[in-house]
Structure formats: structure tokens, C-alpha cells
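Visitor: predicted coordinates and the sequence they were generated for:
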Amino acid sequence: MFVVVRSSVSASSFDTVLAICLEPWFPGVNQAINQANQVNQAINQADSQVDNQAELDDLEKRIIAVIKMNPKLSQKKIARIVEERHSIVKYNMEKMKKKGIITRVGSSQKGEWTVHD
């Protein structure tokens, strides 16, 4: 039975040492650990891409600020306030709706925007 205690050794260094120690008893352990490390790297890259997508750009932040001030404004009025073309604001608001950041409650005439923090 082995008891492994980790100290301040990095995960990859620890995996390498462990693989070297176990190789005589478990052939192929090096390859398995390398594959596991590659999978972990791919997962970390995917996580960072998701985090980057979750961040709002400057225009989206301005749109949200305007909505919080007056949720009953139309997209055209929001576009005037943030000083962007209506089509750009509409595109960004659709993108935020798909991400679940904002929703429109009620009709286009009498409804209002809701920001989900």
C-alpha cells in the first residue's frame, strides 16, 4: 500500500515523479498520465474561452447601464443614448438575450427590459 502526500510540488511534476515510480509495476502509466494531462489542458482552454465569452464588452456594459436606469426604453432610444447605430445595439442586445443576460418582459410597445445579474 502506498500513501502519497503532496507538498508544494506542481501537479505536472508530481505526475512525472509518480509515473517514473510506477512504470516498473504498471507498464504504460506514462502514456496514460500524458493523455490525462492533454485532456486537462483542453478542458482548461475551453473554460478560459467560456470565461472570455461571459465577459461583457464596453458597449454591452453601456447598454446594461441604460437599461438599469430606464428599463422601458426601446432599442432605438437606447441606441441614441449610447450613441451607436440602432442596428449595432439591436445586434448586441440579441446577443445578450441569447446569453441570458437580458430579457424583454411584455410587448414591444409596453414591455420592459430585465437584466439578470
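Guide: It's in.
Visitor: shaky segments in the protein?
Guide: Low-confidence segments of the chain (pLDDT under 70): 1-20, 22-23, 35-36, 38-40, 42-54.
Visitor: the helices in it, which residues?
Guide: Assigned helices in the chain, in chain order: 11-22, 29-54, 58-69, 75-82, 86-99 (criterion: DSSP state H).
Visitor: quick one, what contacts Lys97?
Guide: 103-104 (Cβ atoms under 8 Å, 6 or more residues apart in numbering). C-beta coordinates here come from the backbone N, C-alpha and C atoms, glycine included.
Visitor: so what's Gly100 closest to, chain neighbours aside?
Guide: Leaving aside its chain neighbours, Gly100 sits nearest to His116 (6.1 Å; criterion: Cβ to Cβ, 6 or more residues apart in numbering).
Visitor: next up, phi/psi of that neighbour, please.
Guide: His116 adopts backbone torsions of phi -100, psi 110, taken as degrees, to the nearest 10.
Visitor: contacting residues for it?
Guide: Contacts of His116 by Cβ under 8 Å, 6+ apart are 100-103.
Visitor: adding neighbour count and distance to Lys61, write those residues out as TSV.
Guide: Below are those laid out as TSV (neighbours: other Cβ atoms under 10 Å; distance: Cβ to Cβ, whole Å):
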residue	neighbour count	distance to Lys61
Gly100	8	16
Ile101	19	11
Ile102	21	12
Thr103	13	18
